[in-house]
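Visitor: 3D, please:
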Amino acid sequence: MTKEFVAKHRYARMTPRKGRYVMDLVRGLPVNQALDVLAFSDRRAAHFIRKVLASAVANASQDAEVNVNKLRIKKAFVDDGPTLRFRWRPGPQGRAMPFRKRTCHLTIIVGEEENS
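Guide: Purely as a prediction, here's the structure:
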């Protein structure tokens, strides 16, 4: 069984839907390749995810037995966070439409690749 290292960013100020789009790009990739993909992505979510991935690599580097160059993203997901500042904005025909500021929780789990 290989060791896994976790990094989280909770209450990130972006919508979960937009975060999942970028997270799907890097899920399952080796860490070095994922960092390159995120560096050249022009999406705002890539900045948050890159910082979480760097934190997971730093967590793994604290263990002397782990080779950081062989790390791979095992699990990566974006969960819904609480909705901040629920407001109302004018809608059609005199109605009011909700205006939500969404947040999300980013989680990345990295581990060494199995040699098979």
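
Visitor: okay, CA-based contacts and neighbour counts for the rest of this
Guide: Will do.

Visitor: Tell me the strands beside the least confident helix or strand in the chain by mean pLDDT, with direction?
Guide: Least confident element among the helices and strands of the chain, by mean pLDDT, DSSP states H and E: strand 84-90 (a mean of 87). Within its sheet, strand 84-90 is paired with strand 96-101 (antiparallel), according to DSSP bridges.

Visitor: packing partners for the helix or strand just after the partner strand?
Guide: With elements assigned by DSSP states H and E, the helix or strand that comes after strand 96-101 is strand 104-112. On a contact count with 3 or more CA pairs under 8 Å, 6 or more residues apart in numbering; DSSP states H and E, strand 104-112 meets strand 4-12, helix 44-61, strand 71-80.

Visitor: now those as JSON lines including mean neighbour count, mean pLDDT and distance to residue 111?
Guide: Shown next, in JSON lines, are the helices and strands packed on strand 104-112 (neighbours: other CA atoms under 10 Å; pLDDT from 0 to 100; distance: least, CA to CA, whole Å):
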{"stretch": "strand 4-12", "mean neighbour count": "18", "mean pLDDT": "97", "distance to residue 111": "5"}
{"stretch": "helix 44-61", "mean neighbour count": "19", "mean pLDDT": "97", "distance to residue 111": "8"}
{"stretch": "strand 71-80", "mean neighbour count": "20", "mean pLDDT": "97", "distance to residue 111": "5"}
